[in-house]
Every structure is written in C-alpha cells, then in structure tokens.
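**Student:** next comes the sequence, and after it the predicted model I'd like to discuss.
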Amino acid sequence: MTITNLEINTQADLDNLMSEVKAESPNLFQFISDFINKKVSIEEVEAFLKMEHEIQQLYIKNYKART
C-alpha cells in the first residue's frame, strides 16, 4: 500500500483509511492501534521512524499485538 496524497477532512475519511490499512496490512494496523491505546510509546515510534525502510518492513511484518 502506498499513500501519496493524504487528505483526511472528516472522520469518515480517517475511518476509510484505517479500514484499508487493516485489510492490507493488519500488523501495521495493530502497531497503530497499540500506539493509540498507549501500549507503544512515543519513543518506540521515534525509534521505528529512524529505522531504514527495509528494517521497518521487517519490524511490522513480525509485529505482535501488545497485551
């Protein structure tokens, strides 16, 4: 999934985007959900964003939901 133009104007736009993410990349959706639910810290997200693209892909591929 590649998003080149991120234009979210309404809650419905966000809901549609998140539905796409959930369907196409469930591990990424889980990572985002865990961040929203404070199971992933800001520091962890910052570390993720500093990773090389290939490492980010592996991280998400192997991501498991937090309890």
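**Tutor:** Done, it's in. Numbering: from 1, shown residues only.

**Student:** low-scoring stretches of the chain, by residue?
**Tutor:** The model of the chain has pLDDT under 70 over residues 1-6.

**Student:** where along it do the helices fall?
**Tutor:** For the chain, the helices defined by DSSP state H occupy 11-24, 26-36, 42-50, 53-61.

**Student:** next one: stretch 15-30 to chain centre, how far?
**Tutor:** 8 Å (Cα atoms, centre = their mean, to the nearest Å).

**Student:** can you check stretch 23-42 too?
**Tutor:** 5 Å.

**Student:** packed most tightly, which of the helices of the chain would that be?
**Tutor:** helix 26-36 (a mean of 16; mean count of other Cβ atoms under 10 Å). Quick note: C-beta positions are derived from backbone N, CA and C, even for glycine.

**Student:** closest to Thr67 out of the helices of the chain?
**Tutor:** The closest approach between Thr67 and any of the helices of the chain, judged by Cβ to Cβ, belongs to helix 26-36 at 9.7 Å.
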